[in-house]
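> Structure, please.
(chains A and B)
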Number of protein chains: 2
Amino acid sequence: MTLAEEVVAGDRRALARAITLVESTRDDHRTEAIALLNELLPHTGGSSRVGISGAPGAGKSTLIDALGGRLVDGGHEVAVLAVDPSSARSGGSVLGDKTRMDTLARSPQAYIRPSPSGGTLGGIARRTGESLLVCEAAGFDVVVVETVGVGQSETEVDGIVDVFVLLVSPGGGDELQGIKRGITELADIVVVTKADGDLLPSARNVAAEYQRALMLLRRHHDEWEPTVVMASGITGEGVAELAEAIDRHRAALDATGALARRRAEQATRALWAELQDRLLARFRDDTDLQARARALEAEVAAGRLAPAAAAAALLSS
Amino acid sequence: MTLAEEVVAGDRRALARAITLVESTRDDHRTEAIALLNELLPHTGGSSRVGISGAPGAGKSTLIDALGGRLVDGGHEVAVLAVDPSSARSGGSVLGDKTRMDTLARSPQAYIRPSPSGGTLGGIARRTGESLLVCEAAGFDVVVVETVGVGQSETEVDGIVDVFVLLVSPGGGDELQGIKRGITELADIVVVTKADGDLLPSARNVAAEYQRALMLLRRHHDEWEPTVVMASGITGEGVAELAEAIDRHRAALDATGALARRRAEQATRALWAELQDRLLARFRDDTDLQARARALEAEVAAGRLAPAAAAAALLSS
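Numbers count the residues shown, from 1 in each chain, chains lettered A, B, ... in the order given. Have a look, this model is predicted:
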């Protein structure tokens, strides 16, 4: 069997190998990965692609574990992928941590994969988008993409998922504010976490605040009015409601064909972003051009040539 | 006289024309702009390049007006440029608004220019970086780049300034939180605005909070320990302290050569970003390739071809 056939047959080790191949930055691996993705493509598209984001400490792992556990109990197969903006620089990854998702880590119907490391944030998100396709081909019908809420990573993740869930916690200084508008605007569903015990009144306030704010923001989709859910990882409250909101979102977008349009647009954007990265990489790899680039770079660094002038000179050579 | 000579001679109308040329997206204008920038380059580098960011309502215009007024009184010439992330999409600009900077708008030693519109955020910031050079050639010794605090724009502005000033306001739900870490990490100077009257105790708390937080964050430069300043646009309190902190920052980075290194790195990064944009633009402009690209784009949108596969196919053609 080919690797693609093994993935489609549900072989977990083949799945892991396929994702490792997709994440590899080696040129020969990339060629193999592209062939693999094309072979898998007819088997993709069948999952609900759910982005979940929140600040550190907002309770992402707990909620994903609770949501995933519920879905698994309902017969679904759930994959959790991570996009960690810090891994673009550090190469490290703290997300998608199995040890923090007990229920899912033990379930044979779940698969958890940490963030690929290295490269640009956009590149990491695109590789994760490809891993998502591999998971769909392997039969997962829910793929959660987890990211940490620090700005740019949400926009990148929004480019590979169907629905964007923003987690906010009460009491953690997490009040709504201008600085967060960019992220809140992306949210299809806002979940106020830790809505239990002493924090419950505070959670209610935060939920009301977001409910008001969402009414003021431009809609992400015409088909869907963003909604606020209160949830607790401890009591399990709100998890069913979140699962139901995700289903309703999908149904709403499906009804008008918006989901298919969204996915087509995402794929097209990925094509151009990929092309841009590869054009630049090819440019950097050309040895003659490299020598010329280094000379021009030195001129630019010394302040003797405008960056745009050096770019124009490189382009014409 | 050439346009460059007029700019260097301090002709304000030439300055405005030069910046309009730099901001233009027309190909022939770009060629002219690059020639102009190279001609102006020997006259650049003489300003203190100050980035100022804050959430809407943080009091940016008021503080820039107070700071600029003080600098102008001290014999400096001050230009204010704006980078508005929303203008990348909407083409509109709400920043660098003259009517909100009374003192500077009336002063012959000051120049205010709104954000260029259209294109990508990175492109807008790069054009603003070029306008900054034009202002330096025109004799301005302080150039303030104003941006709104919504995430990515700070990173872009950080790529064209020497010092990054983050404005936070007390009581506006502006408390420190994880979501803002990415921005706080960039800050060389944090200014707690509206530190007067009823808000003074709250401002003190916010200042103490940021002071503690800055100690925990990775340093932006080895040469500089980020500092917190309390300021009031009404009483004028803290404005002198901010001006002095900007001077100390510059002196600290100058002493070790870090300022020159930083500017050289910024110019080099601008070169590669510019090259990337132009490579993609050239690719899009090739008519044969365009036809092929459209066909492949359709395949990708229909889910019959992986984006990375289409990118590879386009590259090989």
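> quick one, helices of chain A?
A:3-8, A:12-23, A:27-40, A:60-73, A:87-90, A:102-106, A:121-137, A:152-158, A:181-184, A:200-216, A:239-255, A:258-285, A:287-301, A:307-316 (DSSP state H).
> Check these for me and report the most buried one.
helix A:121-137 (a mean of 25; mean count of other Cβ atoms under 10 Å in any protein chain shown). Every residue, glycine included, has its C-beta placed from N, CA and C.
> That helix to helix A:258-285, inter-axis angle?
Between helix A:121-137 and helix A:258-285, the angle comes out at 130 degrees (axes from the mean of the first three to the mean of the last three Cα atoms, to 10 degrees).
> Quick check: mean pLDDT of helix A:121-137?
Mean per-residue pLDDT for helix A:121-137: 91.
> same thing with stretch A:242-258?
95.
> right, is it up against chain B?
No - Stretch A:242-258 is not in contact with chain B by Cβ under 8 Å from any Cβ of the partner chain; minimum separation 12.9 Å.
> contacts for that stretch?
The contact list for stretch A:242-258, computed with Cβ atoms under 8 Å, 6 or more residues apart in numbering or on different chains, reads A:48, A:50, A:63, A:67, A:70-71, A:162-163, A:165, A:188-189, A:191, A:221-224, A:227, A:229, A:231, A:259, A:262.
> which stretches of chain A aren't confidently modelled?
Applying pLDDT under 70 to chain A flags the ranges A:86-99, A:149-151, A:171-183, A:216-220.
> can you tell me which residues contact the residue nearest the centre of chain A?
In chain A, the residue lying closest to the centroid (Cα atoms, centre = their mean) is A:Val157, at 3.3 Å. The contact partners of A:Val157, by Cβ under 8 Å, 6+ apart, come to A:51, A:53, A:83, A:125, A:128, A:145, A:147, A:164.
> any idea which of those is closest to chain B?
A:Ser53 (9.9 Å; Cβ to the nearest Cβ).
> who does that closest one bridge with?
A:Ser53 has these beta-bridge partners by DSSP bridges: A:Thr147, A:Leu166.
> quick one: A:Cys135 and A:Ala79 touch, right?
Yes - counting by Cβ atoms under 8 Å, A:Cys135 touches A:Ala79, with 4.1 Å between them.
> who touches both of those two?
Joint contacts of A:Cys135 and A:Ala79 (Cβ under 8 Å, 6+ apart) are A:47, A:111, A:143.
> Compare those residues and tell me which is most surrounded.
A:Val143 (27 neighbours; other Cβ atoms under 10 Å in any protein chain shown).
> For that one, give its distance to chain B.
Distance, A:Val143 to chain B, by Cβ to the nearest Cβ, to the nearest Å: 16 Å.
> Quick check: the gap between that residue and A:Leu81.
A:Val143 is 7 Å from A:Leu81, where distance means Cβ to Cβ, to the nearest Å.
> Which neighbours do the two have in common?
A:132, A:135.
> which residues touch A:Gly59?
A:Gly59 sits in contact with A:167, A:169, A:193-194, A:233, where contact means Cβ under 8 Å, 6+ apart.
> If you could redo that for A:Ala308, that was the one I meant.
B:30, B:33-34, B:37, B:126, B:130, B:270-271, B:274.
> do A:Ile234 as well
The contact partners of A:Ile234, by Cβ under 8 Å, 6+ apart, come to A:196-197.
> Likewise for A:Leu186?
A:154-155, A:158, A:164, A:166, A:220.
> again, but for A:Ala9
A:Met1.
> Same question for A:Leu166.
By Cβ under 8 Å, 6+ apart, the neighbours of A:Leu166 are A:53-54, A:149, A:154, A:183-184, A:186-187, A:189-191.
> Try it again at 7 Å.
Contacts for A:Leu166 (Cβ atoms under 7 Å, 6 or more residues apart in numbering or on different chains) come out as A:53-54, A:183-184, A:187, A:190.
> same check, this time on A:Pro85
Taking Cβ under 7 Å, 6+ apart, one finds A:121, A:148, A:150, A:152-153 in contact with A:Pro85.
> Adding distance to B:Ser316, write those out as TSV.
Formatted as TSV, the contacts of A:Pro85 follow (distance: Cβ to Cβ, whole Å):
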residue	distance to B:Ser316
A:Leu121	27
A:Val148	37
A:Val150	37
A:Gln152	31
A:Ser153	31
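> is A:Val142 in a bridge, and if so with what?
A:Ser48, A:Val78.
> From what I see, it and A:Val80 are in contact.
No - applying Cβ atoms under 7 Å, one finds A:Val142 not in contact with A:Val80, separated by 9.2 Å.
> Compare neighbour counts for those two and give me the winner.
Neighbour count, other Cβ under 10 Å: between A:Val142 and A:Val80, A:Val80 has more, with 30 against 24.
> Isn't the more buried one up against A:Leu104?
Yes - judged on Cβ under 7 Å, A:Val80 makes contact with A:Leu104 at a distance of 6.4 Å.
> Please report how far the closest residue to A:Gln276 other than its chain neighbours lies from B:Pro307.
Setting aside the residues directly before and after it, A:Gln276 is nearest to B:Leu280 in space (Cβ to Cβ, 6 or more residues apart in numbering or on different chains), at 4.8 Å. With the distance defined as Cβ to Cβ, B:Leu280 ends up 15 Å from B:Pro307.
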